[in-house]
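Enquirer: requesting a structural model of the entry that follows:
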Amino acid sequence: MGIRKEKAIVASFKNNTRPRFRQSVAGIVLLSVFAFLGLERAPAATTHYIAANGSDSNDGMSKATPWLHLPGMRTCSSVCASYIPAAGDQFILRGGDSWTNANFPITWTWSGSSRSPIYIGVDHIWYSGGSWTRPVFNAGGVAVPGDRNHFIGFNSVIYVALDDIEMTGIYWSGAPTYGAVGAITTWGSDYVTLENLYIHNWTHAIGGGTTDDNVYMVIGQTYPPFCGHCLLANSIIQDADGGGNSGSATYAWGGSIKNCIFHDLPNAILEMDAGSAEISGNLIFNITVSFGGIHENAIESLGGSSGTLYIHDNVIHDVTAESMMLGNTGETDYVWNNVFYNLRNGLGPSFPQNRGQSGMSLYFWNNTIATSSVQNCFYWVSGFGGTFKTVAIQNTHCITTGGLYNTGPTATTLTVDHNVVQTPAAAAAQGYSAAQTYAYSPTPLANATLAVGTIMCGVELACNGPLGGLISDTTYACTQQTVKGDFQLVCPARTVVARPSHWDAGAYQHAPPAAPTGLAGVAR
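Expert: A predicted model of the protein is given here:
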C-alpha cells in the first residue's frame, strides 16, 4: 500500500453517512488515511446503537431502542447475539457510557469491504451526561476472563474501523505469553483502522519471580499479512496514571502510525517492516525503564518481509534507552525531519536492530538530534555486525560533546556529508534549546545550520511520492489538549517552511524575514 493512496482513504470514509468525526485537523488527516487504504465508502447498510441503559432484546435500530451490548461482547445476548454484522454496518456506542470487565473480551469476526467498511464508533451528538466524552471500556484493574486478557480481538477480518473509545484498567499478573495481554489484537487481519483512541492506566502484579513484560496495547502479528495495510492514528496511549514501567503501545504492527501521542511507558512503537508503512507526526516522550529489564525504545523495527519504513516529522524526547533502533535483513528505512532531544543515555538512532542482519539500506536526512551525554548522535552497534547496502547520514544537526557517529558502519555505499556538529554550549549560545516552543529550532541568532545542507531533490533523488515531505521542514508533531475532560489531539503543531534553493541542516528550515512593506521613497 502506497503512502499517497493512504491520504485519499481517510477523506472518503468521512464524506459519507457515518456519524461525524471530531471536527479537527487531526480528524481530517485521519479520514484521509481511509482514503490511503483505498476505501470508497458506500452508503451504510444498517446502523445499530448501543447504550448503558439499553436492552439486547431491543432492535437496536434507533437511539430510543438501543442494545446494551456490542455484537461480539461476551455478554451480548438475544437479538444482539443473533445479529450478523455485514459490510457497511455502523455500530454507535453512546458517549459517556461505560462497559465493565464482565463484558470483555469482544471477539470480532465480521468483515467489511473496500467499498463498505464496518464502523464501530460514536456519534458526537449522542451522549449521556452534560457534555461529550468518549464511551469507556473499563477492565477495572482486574484481569479479563479467559486466555485473552484484552478488550477487543479482530480475528481474520478486513475493512473494519474502531473510533473514539477510551480503554482503561487492564491488569495482569504472572508471566504473560505473547499476545495474551493488551487492549486490541488483530490476529490474521488487515485493513483495520484504529483512530481517536485513548488507552491508559494499565497495572500489573509481578509474581513468581517473572520479569516478562509481554504486554502490548495494540498487537499486530509476526506473520503475513502483518496487518500491513492497517492504520493507527490520532490516538493517545500512555501509562502515566498506571505506573509507567511496563508494556508497549504497539507490537508487531505492520501498518502506518500517524499523529499519535505515546508517553510514560517502556516502549512506544515496535513495528514490522511489512510492505510500505509510514510513521509520522507522532509525539513520543518519557520512555521509561521496564520492570522486566527489556531494552526500551521509542521506535524499533522488528523485521518481517523486507519492507520499507518512512519515518518522518516525529518528536522524540526524554528517552531512557534507545530512541530509535532500525535495520533488519532486506529492510529499507527513510528517516527525515525528526527531532530528538533529552536522550538520557545519549543514544540517537542505532543500527542494526539485531545480530547477523544483512542487505539493509538506511537513509537519515535533515534530522535534529540533541544528546544529553558524550554519546554520538548515531550509533552503529558494532557487536551486532551486519552488512549494509547503503547508509546515508546527511543534513543532520547533531548537538553533543561526542561526535556524529562511532566507528562504522561498513556499507557498500556510505554517504556522510553536510552535517553540523555542535557542542551543547555552542548550540545554546545561538539560541538552540529544549525550552523553545519547537525544540532546537533556529532563532535570529542561529547561523550554524543555515544554508549549509545539500539539496536532496535532484537527479539522484526525486522528492515526490512518499518522500515529498522532504521539500518542506518538519511539521513537528501533534500536541494534546483537554476539552471538557476529553483528551484530544491538535495536528499539525506548526506551519512548515518550504526548503528553497538552499537547504539548512537539521529538521527545520529557517524562514527568511518578510520583506518590509509600506515603504515610500523621498525625492531629494
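Enquirer: how about residue 333, what does it touch?
Expert: Counting by CB atoms under 8 Å, 6 or more residues apart in numbering, residue 333 makes contact with 273, 301, 308-309, 311, 326-327, 360-363. For every residue, glycine as well, the C-beta is placed using N, CA and C.
Enquirer: meant to ask about residue 226
Expert: So residue 226 contacts 220, 252, 254, 272, 274-275, 304-305 (CB under 8 Å, 6+ apart).
Enquirer: so which of these wins on neighbours?
Expert: Highest neighbour count within the contacts of residue 226: residue 220, with 32 neighbours (other CB atoms under 10 Å).
Enquirer: pretty sure that residue sits against residue 230.
Expert: Yes. The criterion here is CB atoms under 8 Å, and residue 220 meets it with residue 230 at 7.0 Å.
Enquirer: mutual contacts of the two, please.
Expert: Common neighbours of residue 220 and residue 230 (CB under 8 Å, 6+ apart) are 186, 253-255.
Enquirer: assign residue 426 to helix, strand or coil.
Expert: Secondary structure of residue 426, reduced to three states by DSSP: H, G, I helix; E, B strand; the rest coil: helix.
Enquirer: state the number of residues packed around the closest residue to residue 230 other than its chain neighbours.
Expert: Take residue 230 and drop its neighbours on the chain: the residue closest to it by CB to CB, 6 or more residues apart in numbering is residue 255, 3.2 Å away. As a burial measure, residue 255 scores 34 neighbours (other CB under 10 Å).
Enquirer: any idea of the pLDDT on residue 255?
Expert: pLDDT recorded at residue 255 is 96.
Enquirer: take the shared contacts of residue 220 and residue 230 and write them to CSV, including distance to residue 455 and secondary structure.
Expert: CSV is the format used below for those (distance: CB to CB, whole Å; DSSP: H, G, I helix; E, B strand; the rest coil):
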residue, distance to residue 455, secondary structure
186, 41, coil
253, 34, strand
254, 33, coil
255, 32, coil
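Enquirer: so where is the stretch 201-350 of the chain shaky, pLDDT-wise?
Expert: 207-210 (pLDDT under 70).
Enquirer: what residues of stretch 339-346 count as buried?
Expert: 339-344, 346 (16 or more other CB atoms under 10 Å).
Enquirer: tell me which element residue 345 is part of?
Expert: Assessed by DSSP states H and E, residue 345 sits outside every helix and strand.
Enquirer: shouldn't it be in contact with residue 374?
Expert: No. The pair residue 345 and residue 374 does not pass the contact test of CB under 8 Å, sitting 10.7 Å apart.
Enquirer: quick one: the residue nearest to residue 230 from residue 190, how far?
Expert: Here residue 255 is placed at a distance of 8 Å from residue 190 (CB to CB, to the nearest Å).
Enquirer: repeat for residue 315
Expert: 29 Å.
Enquirer: what's the burial count for residue 491?
Expert: Residue 491: 26 neighbours (other CB under 10 Å).
Enquirer: how about residue 373?
Expert: Residue 373 has 13 nearby residues by other CB under 10 Å.
Enquirer: list the contacts of it.
Expert: Contacts of residue 373 (CB under 8 Å, 6+ apart): 343, 345-346, 400-402.
Enquirer: where along the protein do the helices fall?
Expert: 3-14, 25-36, 78-82, 424-429 (DSSP state H).
Enquirer: hmm, who's touching the last one?
Expert: Defining contact as CB under 8 Å, 6+ apart, one finds that helix 424-429 is touched by 370, 399-401, 433, 440, 445, 448.
Enquirer: what's the mean pLDDT across that helix?
Expert: Mean predicted lDDT for helix 424-429 stands at 95.
Enquirer: same deal with the shortest one?
Expert: When pLDDT is averaged along helix 78-82, the result is 98.
Enquirer: now do that helix: distance to the chain's middle.
Expert: Chain-centre distance of helix 78-82: 36 Å, with CA atoms, centre = their mean, to the nearest Å.
Enquirer: now stretch 236-251
Expert: Counting by CA atoms, centre = their mean, stretch 236-251 comes out at 13 Å from the chain centroid.
Enquirer: now that stretch: buried residues?
Expert: 236-239, 242-251.
Enquirer: what distance do you get for residue 123 to residue 86?
Expert: 20 Å.
Enquirer: picking up where we left off before, including distance to residue 453, could the buried residues of stretch 236-251 go into a markdown table?
Expert: A markdown table is the format used below for the buried residues of stretch 236-251 (distance: CB to CB, whole Å):
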| residue | distance to residue 453 |
| --- | --- |
| 236 | 34 |
| 237 | 34 |
| 238 | 35 |
| 239 | 38 |
| 242 | 42 |
| 243 | 43 |
| 244 | 37 |
| 245 | 40 |
| 246 | 41 |
| 247 | 38 |
| 248 | 34 |
| 249 | 32 |
| 250 | 32 |
| 251 | 36 |
